[in-house]
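1. Have a look; sequence and predicted model below, questions after that.
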Amino acid sequence: MPRRSVLPGFRFDGKAGRAFFEVTLPGTGGRRRKRRTVAVSTRDGALSLFRKFREEALAGRASDPKLFSEFVARFWPLIKMRLGSKTATRENYVVKKILDPFFGSYRLDKINTALIRDFAALLRSRSYAPATINGTVSILRKLLNDAVAREVIREFPAKGRLPREKEPILRLEFSDDEKSRFLQAFDNEPGFREHFARHRSKGRVVFSPSFPTAPRIFGGSLRIEGEALGFYFQRFNEAKPLFVIALETGLRRGDLLGLKWSSADLTEGWIRVSVRKTSREALIPISTACREALLAYRQRRAMNDLVFVNGEGKSFPWTTVQRYFEIAKRIAGITRRFRFHDLRHTFGSTLASRGVSLQVIAKALGHASVRMSERYARPSEESLQAIKRALDA
């Protein structure tokens, strides 16, 4: 039997005259190891070689990485730990599939502005969206800044402004008319039934000797004139306050569905929420419409302190909210691109168009900086009409 040692990473096989070495490289979470097999006749000789191998492996590991790929291999797992799960998944793809293949063979201190411009041009030639290119360059900037912070390189290697693509202005928010039609859809039972009439599945017709008088239909949708569809509309209608509150608070999906009564002070008229994405406090005044919607849910308050519960007192599942959202859009005749998150954009744009300052908008939305709120700072049609009135006067 080969003689084994309790020394981690060392194994000596005297019969075969071989020794097996393994060293786990620190800072890699156990993902990177160095191994070596050597021919040696004695255990003492094998131990001497193992100590030398270990010293060389760890000494080489202790030196600062020179290449971008080496920096990513050693430090990206640590950088990624600071990020939220969704952000980490998205940025991990960018680092491994886009940045590392291009910059991997370059020294960190040689990644200059010209090289980054070439990189942006390459992405542009491959039809990457401007927002994607800008986001990818931002992740590269974060990695290079991290290299400076770790003293791997002395200073940020790219001088001057980094390339930034011009992103098209997306007008994703509701117009006043769309907002009105969207909310009215929750009270429109004829429109609700008509929607199901257009999209109703007629089911599968089955002929069988077991049904001698007439074939049977299996798997069809609710009958348009049926009582069951009426109960479905009632549940749909009861969800309307949730969408009113979404429009009146601008809360993200997770913060909205996780809203608790302890965060809503109806007496003082404020909602205070610690935003999950930024860990910042969002401070939102309760409007009249928001108060009425909250009071509608107050009547069915459950024991778990959650604001949004269904008729059975259970928390609202996202799949139900998303289904009701799509139905309301169809009833309202809104066919353009409009996501649930755009209810938040509608809130921010409404504040900006009414002249609310960016600092206040940032506080209400829980943004980490005023710059994040600048996307809403564009003139509304109402404010542009003021120019006409001024000129006419």
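-> Alright, I've got the coordinates. Residues are numbered from 1 along each chain as shown.

2. Mind jotting down where the strands sit in the stretch 1-150 of the chain?
-> 10-13, 18-24, 33-39 (DSSP state E, counting those that start in this stretch).

3. neighbouring strands for the second one, and are they parallel or not?
-> By that I understand strand 18-24. Here strand 18-24 is paired, per DSSP bridges, with strand 10-13 (antiparallel), strand 33-39 (antiparallel).

4. any idea which of those scores lowest on pLDDT?
-> Per-stretch mean pLDDT for these is lowest at strand 33-39 (a mean of 85).

5. next one: that strand to chain centre, how far?
-> 43 Å (CA atoms, centre = their mean, to the nearest Å).

6. hmm, who's touching it?
-> 17-25, 46, 49, 53, 57 (CB atoms under 8 Å, 6 or more residues apart in numbering). Where you see a C-beta, it was placed from the backbone N, CA and C, and this is true even at glycine.

7. would JSON lines of these with pLDDT be doable?
-> As requested, these are arranged in JSON lines below (pLDDT from 0 to 100):
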{"residue": "Gly17", "pLDDT": "87"}
{"residue": "Arg18", "pLDDT": "89"}
{"residue": "Ala19", "pLDDT": "89"}
{"residue": "Phe20", "pLDDT": "90"}
{"residue": "Phe21", "pLDDT": "90"}
{"residue": "Glu22", "pLDDT": "89"}
{"residue": "Val23", "pLDDT": "86"}
{"residue": "Thr24", "pLDDT": "82"}
{"residue": "Leu25", "pLDDT": "74"}
{"residue": "Ala46", "pLDDT": "87"}
{"residue": "Leu49", "pLDDT": "88"}
{"residue": "Phe53", "pLDDT": "85"}
{"residue": "Ala57", "pLDDT": "75"}
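
8. Export the residues you listed to TSV and append columns for neighbour count and distance to Ser69.
-> Shown next, in TSV, are the contacts of strand 33-39 (neighbours: other CB atoms under 10 Å; distance: CB to CB, whole Å):
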residue	neighbour count	distance to Ser69
Gly17	13	37
Arg18	16	32
Ala19	25	31
Phe20	17	28
Phe21	21	25
Glu22	17	23
Val23	21	20
Thr24	16	20
Leu25	17	15
Ala46	25	33
Leu49	16	30
Phe53	20	24
Ala57	20	19
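
9. thinking again about what came up before, okay if I get the strands paired with strand 18-24 as TSV plus distance to Leu83 and mean neighbour count?
-> What follows is these, written out as TSV (distance: least, CB to CB, whole Å; neighbours: other CB atoms under 10 Å):
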stretch	distance to Leu83	mean neighbour count
strand 10-13	37	20
strand 33-39	26	13
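
10. Now distance to His345 too, for those, in CSV please.
-> Below are those laid out as CSV (distance: least, CB to CB, whole Å):
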stretch, distance to His345
strand 10-13, 61
strand 33-39, 48
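
11. just so I know, which of these lies nearest Arg82?
-> strand 33-39 (25.1 Å; CB to CB).

12. got the CA coordinates for that closest one in PDB?
-> The C-alpha trace of strand 33-39 is given here as PDB (Å, rounded to 0.1, in the frame of the first residue of the first chain):
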ATOM      1  CA  ARG A  33      -4.800  25.000  -7.800                       C
ATOM      2  CA  LYS A  34      -1.300  24.100  -8.800                       C
ATOM      3  CA  ARG A  35      -0.300  20.400  -9.100                       C
ATOM      4  CA  ARG A  36       2.800  18.500  -9.900                       C
ATOM      5  CA  THR A  37       3.900  14.800 -10.000                       C
ATOM      6  CA  VAL A  38       7.600  14.100  -9.500                       C
ATOM      7  CA  ALA A  39       9.700  10.900  -9.500                       C
END
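
13. so where's the stretch 101-250 of the chain shaky on pLDDT?
-> For the stretch 101-250 of the chain, the stretches flagged by pLDDT under 70 are 169-170, 200-208, 211-226.

14. Please repeat the previous calculation with a cut-off of 90.
-> 131, 150-152, 160, 166-176, 192-235, 238 (pLDDT under 90).

15. Which parts of it are helices?
-> Per DSSP state H, counting those that start in this stretch, the stretch 101-250 of the chain carries helices over the ranges 113-125, 130-149, 176-184, 189-199, 227-238, 240-249.
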